[in-house]
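*Asks:* This is the structure alone, sequence omitted:
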């Protein structure tokens, strides 16, 4: 089980790192520096940074689907996740501000550290902040602002629930 969790953590770090670099140009002549604060070197010329991570007490039963998705949240948009969803989601805000409300307690991570949020309480996350959406937990994702927001979702689900997460409930 521990090997699975370690492998899953490494896969999430690599996937989130790939997404963070998509669209950025690199110059083959560019010299690489030593790792800066919060960074690590995995091989000469390969510097990484963990964007988000979590330990799962009980991951879904194997085999599992692991997906990395990017969502653009338009101003005024609302997504309602169903309590029947067995997937676990590591949600990272790439840009903008997103408001969440979950029907159970969660721990969010900000640059200043971890913070406990009570069930049913609204909380906002900004770029670089993240949390784990537990399985079978109803909740809401909103963009209450005037600008689009972008979130990344590392989704882990039992094989029978493989693929992108189920559609949310439309709101008027």
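*Replies:* Sure thing, it's come through. This is a predicted model, so every value here is computed, not measured.
*Asks:* make it CA atoms for all contacts and neighbour counts henceforth
*Replies:* Will do.
*Asks:* Against which helices or strands is the helix or strand harbouring residue 125 packed?
*Replies:* For residue 125, the host element (DSSP states H and E) is strand 122-126. Helices and strands touching strand 122-126, by 3 or more Cα pairs under 8 Å, 6 or more residues apart in numbering; DSSP states H and E, are strand 88-95, strand 97-102.
*Asks:* so how far is stretch 99-106 off the chain centroid?
*Replies:* How far stretch 99-106 lies from its chain's middle: 14 Å, per Cα atoms, centre = their mean, to the nearest Å.
*Asks:* which residues sit in contact with the closest residue to residue 158 other than its chain neighbours?
*Replies:* Ranked by Cα to Cα, 6 or more residues apart in numbering and with sequence neighbours excluded, the top spatial neighbour of residue 158 is residue 64, at 4.5 Å. Applying Cα atoms under 8 Å, 6 or more residues apart in numbering, we find residue 64 in contact with 156, 157, 158, 159, 162.
*Asks:* Contacts only, for residue 102.
*Replies:* Contacts of residue 102 by Cα under 8 Å, 6+ apart are 119, 120, 121, 122, 137, 138, 139, 140.
*Asks:* Is the fourth one bridged to anything, and to what?
*Replies:* Residues in a beta bridge with residue 122, per DSSP bridges, are residue 101.
*Asks:* Any stretches of this protein with poor pLDDT?
*Replies:* For the chain, the stretches with pLDDT under 70 are 1-33, 162-172.
*Asks:* In space, not sequence, find me the middle residue of it.
*Replies:* residue 91 (2.3 Å; Cα atoms, centre = their mean).
*Asks:* List the contacts of the strand holding residue 125.
*Replies:* 93, 94, 95, 96, 97, 98, 99, 100, 101, 102, 110, 117.
*Asks:* So for it, what gets flagged as buried?
*Replies:* Within strand 122-126, the residues scored as buried using 16 or more other Cα atoms under 10 Å are 124, 125, 126.
*Asks:* Could you pull out the strands in this protein for me?
*Replies:* Along the chain, counting by DSSP state E, strands occupy 39-43, 46-49, 64-73, 78-81, 88-95, 97-102, 106-110, 113-117, 122-126, 130-133, 139-142, 149-158.
*Asks:* and those as JSON lines, adding distance to residue 57?
*Replies:* Shown next, in JSON lines, are the strands of the chain (distance: least, Cα to Cα, whole Å):
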{"stretch": "strand 39-43", "distance to residue 57": "26"}
{"stretch": "strand 46-49", "distance to residue 57": "24"}
{"stretch": "strand 64-73", "distance to residue 57": "15"}
{"stretch": "strand 78-81", "distance to residue 57": "21"}
{"stretch": "strand 88-95", "distance to residue 57": "11"}
{"stretch": "strand 97-102", "distance to residue 57": "19"}
{"stretch": "strand 106-110", "distance to residue 57": "14"}
{"stretch": "strand 113-117", "distance to residue 57": "17"}
{"stretch": "strand 122-126", "distance to residue 57": "23"}
{"stretch": "strand 130-133", "distance to residue 57": "12"}
{"stretch": "strand 139-142", "distance to residue 57": "20"}
{"stretch": "strand 149-158", "distance to residue 57": "13"}
